[in-house]
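K.L.:
Okay, here's the prediction I keep looking at, along with the sequence it came from:
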Amino acid sequence: MLFETNEFGLSQEGFHLLRDRFNYKTYPYSEIDKIRIETGKALEELLKEKLKDRLTSTV
């Protein structure tokens, strides 16, 4: 995984929903139009720092 918490993870394959770090559902990036995570600023800043070189902005 490129990034992982107890609740979700990001890998080359897609976005993973996790329960205590166990993957129970994977959404390939090709099936995702938009993801909204509402936990707070700390998560947003952590994601930006960890993934800044891997994610590109599409406008």
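P.N.:
Thanks, I have it. From a predicted model like this one, the values you see are computed outputs, not experimental measurements.

K.L.:
packing partners for the one helix or strand in the chain whose mean pLDDT sits lowest?
P.N.:
Every helix and strand of the chain was ranked by mean pLDDT, DSSP states H and E. The lowest is helix 41-51, at a mean of 71. Contacts defined by 3 or more Cβ pairs under 8 Å, 6 or more residues apart in numbering; DSSP states H and E place helix 41-51 against strand 3-4. For the C-beta atoms, the positions are set from N, CA and C on the backbone; glycine is no exception.

K.L.:
and the strand it packs on, what's its mean pLDDT?
P.N.:
Strand 3-4 carries an average pLDDT of 88.

K.L.:
Show the contacting residues for the spatially most central residue of the chain.
P.N.:
Nearest to the geometric centre of the chain sits L10, at 4.2 Å (Cα atoms, centre = their mean). With Cβ atoms under 8 Å, 6 or more residues apart in numbering as the criterion, the residues that contact L10 are 1-4, 16, 51.

K.L.:
any idea which of the residues you listed has the most stuff around it?
P.N.:
Neighbour counts for these, by other Cβ atoms under 10 Å, peak at H16, which reaches 20 neighbours.

K.L.:
Report all helices and strands that the helix or strand harbouring that one contacts.
P.N.:
Counting by DSSP states H and E, the element that carries H16 is strand 14-19. Here strand 14-19 touches strand 8-10, strand 22-28, going by 3+ Cβ pairs under 8 Å, 6+ apart.

K.L.:
tell me which residues in that strand are buried?
P.N.:
Buried positions in strand 14-19, judged by neighbour count with 16 or more other Cβ atoms under 10 Å: 15-16, 18.

K.L.:
and which of these is nearest R36?
P.N.:
Nearest to R36, judged by Cβ to Cβ, of those is F15 at 11.8 Å.

K.L.:
would you list the buried residues of strand 14-19 in CSV and tack on distance to Y29 and pLDDT?
P.N.:
Output for the buried residues of strand 14-19, formatted as CSV (distance: Cβ to Cβ, whole Å; pLDDT from 0 to 100):
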residue, distance to Y29, pLDDT
F15, 7, 92
H16, 11, 93
L18, 17, 90
